[in-house]
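>>> The following block contains a protein sequence and its predicted model.
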Amino acid sequence: MPASMNRTFLVGNLTRDIELRRTPQGTAVCDIGLAVNERRKSGDEWVDKTTFVDVTLWARNAEVANEYTRKGSSVMIEGRLELETWEHEGQKRSKLKVVADRLQLLGGKPVEAKPKPVAVAAKQDDQFDDMPF
């Protein structure tokens, strides 16, 4: 059998907020849209071209994306191409997507999509009476 390789690296921005789901077994999964921009020179001017790619994230990658990204966030995806096929109204359909093996957050400070509650212990004055300072 001839050698083959299915590996892709993409750097782009999320086109929508994450919608995390769970399989019946509890595994996290989400589908993201990634806009990958390319700038080429055409004659004397630069032309921007955007390619939109569907990406599926599983397990911890899906949880991290849900917690720290939102629409517009920059990410790097490493994964493999997969052909998804289905039937709709009697017609066979297909699309090429990326199944991510690795997610890396790019840019500045990670954005929290949902604020986390902070537990604060009630202060009792007598608790601190015996402290030497």
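Yes, it's here. Remember, it's a predicted structure, so these values are computed and weren't measured experimentally.

>>> how near is the residue lying closest to residue 78 once chain neighbours are set aside to residue 86?
Nearest residue to residue 78 in three dimensions, chain neighbours excluded: residue 102, at 4.0 Å (Cβ to Cβ, 6 or more residues apart in numbering). Glycine gets a C-beta too; all of them are placed from N, C-alpha and C. From residue 102 across to residue 86, the span is 27 Å (Cβ to Cβ, to the nearest Å).

>>> just to revisit the earlier point, residue 77 is in contact with the residue nearest to residue 78, correct?
Yes: contact criterion Cβ atoms under 8 Å: residue 102 and residue 77 qualify, at 7.2 Å.

>>> which phi and psi does the residue nearest the centre of the chain have?
In the chain, the residue lying closest to the centroid (Cα atoms, centre = their mean) is residue 65, at 4.3 Å. Main-chain dihedrals, residue 65, degrees, to the nearest 10: phi -60, psi -40.

>>> so what's it up against?
By Cβ atoms under 8 Å, 6 or more residues apart in numbering, the contact set of residue 65 is 18, 30, 32, 57, 75, 103.

>>> And the fifth one, which helix or strand is it part of?
This means residue 75. strand 74-88 (DSSP states H and E).

>>> for the fourth one, same thing?
Applying DSSP H and E as the criterion places residue 57 in strand 45-58.

>>> Partner strands of that strand and their direction?
Here strand 45-58 is paired, per DSSP bridges, with strand 28-42 (antiparallel), strand 91-105 (parallel).

>>> for that strand, what is the average pLDDT?
The average pLDDT within strand 45-58 is 94.

>>> got the contact list for that strand?
10, 12, 15, 27-41, 65, 77, 79, 95, 97-100, 103.

>>> What subset of those residues is buried?
Neighbour-count burial (16 or more other Cβ atoms under 10 Å) applied to these gives 10, 12, 28, 30, 32, 34, 65, 77, 79, 97-100, 103.

>>> does residue 67 belong to a helix or a strand, and which?
Short version, using DSSP H and E: residue 67 is in helix 59-68.

>>> Many thanks, have a good one.
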